[in-house]
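Engineer: Quick one, what's the 3D model for this:
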Amino acid sequence: MLVRAAYASTINRPEFRELAPFRFYDFNLNADIQGNYALQTAKVQNLDLRWELYPTTGEQITVGAFYKHFTNPIENYLLTTASGANSLSYAFVNTKSAQNYGVELEVRKSLGSFSDLPLLQRFSVVGNGSYIFSRIDLGETVRVPDASGRVEPQNVTDTQTRRRPLQNQSPYLINLGAYYTDEAHGTQLSAMYNVAGPRIYAVGTVVNPTVYEASRNVVDLVATQRLAKHWELRAALQDLFNQPVKLVQDSDRNDQYSKGDQTVRSFRRGSNTSLGVTYTW
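Structural biologist: Residues are numbered from 1 along each chain as shown. Alright, predicted model coming up:
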């Protein structure tokens, strides 16, 4: 067994597109994106506590808890437009502060421990899940760029929910994987599953409510076969189900994602298939 405790102080610098002092069009979202040259670097204080158990070689059970404190976190802000939800427009702003804490569980297990059958010796499973609670303190004003790019302070006391989950933070995350390895024949197969809970995509106001990104199930498949001493064949299929990305606006104004909320954008990223041969020496 092993117990780990860690502290780290990190920063999150704005990306170029977040700082760009102009407006550009995102063809995937069918939306205008406005940069904010006044963005400040976000600072993050991180605390982690983990308990780890290693029953056998290649197996692991981990239980952990974490806490993060953000100063000036950067968020995606939904601008008010004359056309409402049919003409989405976003900008990036700093909010006052935020907290993020939760628990996580990770398990790595070989099926060979259940039986001496040769087939089960080649299988292993991996799973991890997290439950996260986040809360942001918006402050009284945020500095928002207008259509010309000029940044002005905007009072949000009466127009926004001042304490809510952090933008782009899902309340839960689940990852599962199953692996088959036959070293004698050079065969490796894997199937991976991922789902993230619904999260705030863009922070809204009383006039133009918050937009949420709905959860979607993602499955990836990978197969690798050794052909000769230096040659390997690899095939991969990413996002098997190709479920749509849905952006949903909080039309019932209950400050959370609901199935009855209005879908304002829906598109599919598409499945990606690849086949390749690798030579190593």
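Engineer: then the host helix or strand of Val103 to PDB, C-alphas only?
Structural biologist: Counting by DSSP states H and E, the element that carries Val103 is strand 97-110. Below are the C-alpha coordinates for strand 97-110, written out as PDB (Å, rounded to 0.1, in the frame of the first residue of the first chain):
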ATOM      1  CA  SER A  97     -12.600  32.800  -8.000                       C
ATOM      2  CA  ALA A  98     -13.700  29.200  -8.000                       C
ATOM      3  CA  GLN A  99     -13.400  26.000  -6.000                       C
ATOM      4  CA  ASN A 100     -13.300  22.400  -7.400                       C
ATOM      5  CA  TYR A 101     -13.200  19.300  -5.200                       C
ATOM      6  CA  GLY A 102     -14.200  15.700  -5.400                       C
ATOM      7  CA  VAL A 103     -13.300  12.000  -5.100                       C
ATOM      8  CA  GLU A 104     -12.000   9.500  -7.600                       C
ATOM      9  CA  LEU A 105     -11.600   5.700  -7.900                       C
ATOM     10  CA  GLU A 106      -9.400   3.800 -10.200                       C
ATOM     11  CA  VAL A 107      -9.100   0.000 -10.600                       C
ATOM     12  CA  ARG A 108      -6.700  -2.100 -12.800                       C
ATOM     13  CA  LYS A 109      -7.500  -5.800 -12.700                       C
ATOM     14  CA  SER A 110      -6.200  -8.900 -14.500                       C
END
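Engineer: Check what contacts the next helix or strand after that strand and list those residues.
Structural biologist: Toward the C-terminus, strand 97-110 is succeeded by helix 118-121 as the next helix or strand (DSSP H and E). For helix 118-121, the external contacting residues (CB atoms under 8 Å, 6 or more residues apart in numbering) are 110-112, 114. (Each C-beta comes from the backbone N, C-alpha and C, glycine too.)
Engineer: now, which of the residues you listed sits nearest Ala235?
Structural biologist: Among these, Leu111 lies closest to Ala235 (CB to CB), at 23.6 Å.
Engineer: Does the closest one touch Tyr179 like I think?
Structural biologist: No - shown here, Leu111 and Tyr179 do not form a contact pair, counting by CB atoms under 8 Å, at 10.0 Å.
Engineer: got any residues that touch both of these two?
Structural biologist: Overlap of the contact sets of Leu111 and Tyr179 (by CB under 8 Å, 6+ apart) consists of 123-125.
Engineer: which one of those has the most neighbours?
Structural biologist: Taking other CB atoms under 10 Å as the neighbour criterion, Ser124 ranks highest of the shared contacts of Leu111 and Tyr179 with 20 neighbours.
Engineer: What distance do you get for it to Leu237?
Structural biologist: For Ser124, the distance to Leu237 (CB to CB, to the nearest Å) stands at 20 Å.
Engineer: Quick one: low-confidence residue ranges for the chain.
Structural biologist: 80-87 (pLDDT under 70).
Engineer: And the helices in it?
Structural biologist: Remark: helices of the chain, listed N- to C-terminal, are 16-19, 118-121; assignment by DSSP state H.
Engineer: Make CSV out of the ones you listed and add mean neighbour count.
Structural biologist: Putting the helices of the chain into CSV (neighbours: other CB atoms under 10 Å) gives the following:
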stretch, mean neighbour count
helix 16-19, 13
helix 118-121, 12
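Engineer: number of nearby residues for the closest residue to Asp182 other than its chain neighbours?
Structural biologist: Ranked by CB to CB, 6 or more residues apart in numbering and with sequence neighbours excluded, the top spatial neighbour of Asp182 is Arg122, at 5.4 Å. Neighbouring residues of Arg122 were enumerated by other CB under 10 Å; the total is 19.
Engineer: From Gln188, how far off is Arg122?
Structural biologist: According to CB to CB, Arg122 stands 10 Å off from Gln188.
Engineer: got any residues that touch both of those two?
Structural biologist: 180-182.
Engineer: So which of those are in strands?
Structural biologist: Within the shared contacts of Arg122 and Gln188, residues falling in strands by DSSP state E are 180-182.
Engineer: what's the closest of these to Arg269?
Structural biologist: Sorting these by distance to Arg269 puts Tyr180 at the head of the list, at 27.3 Å, by CB to CB.
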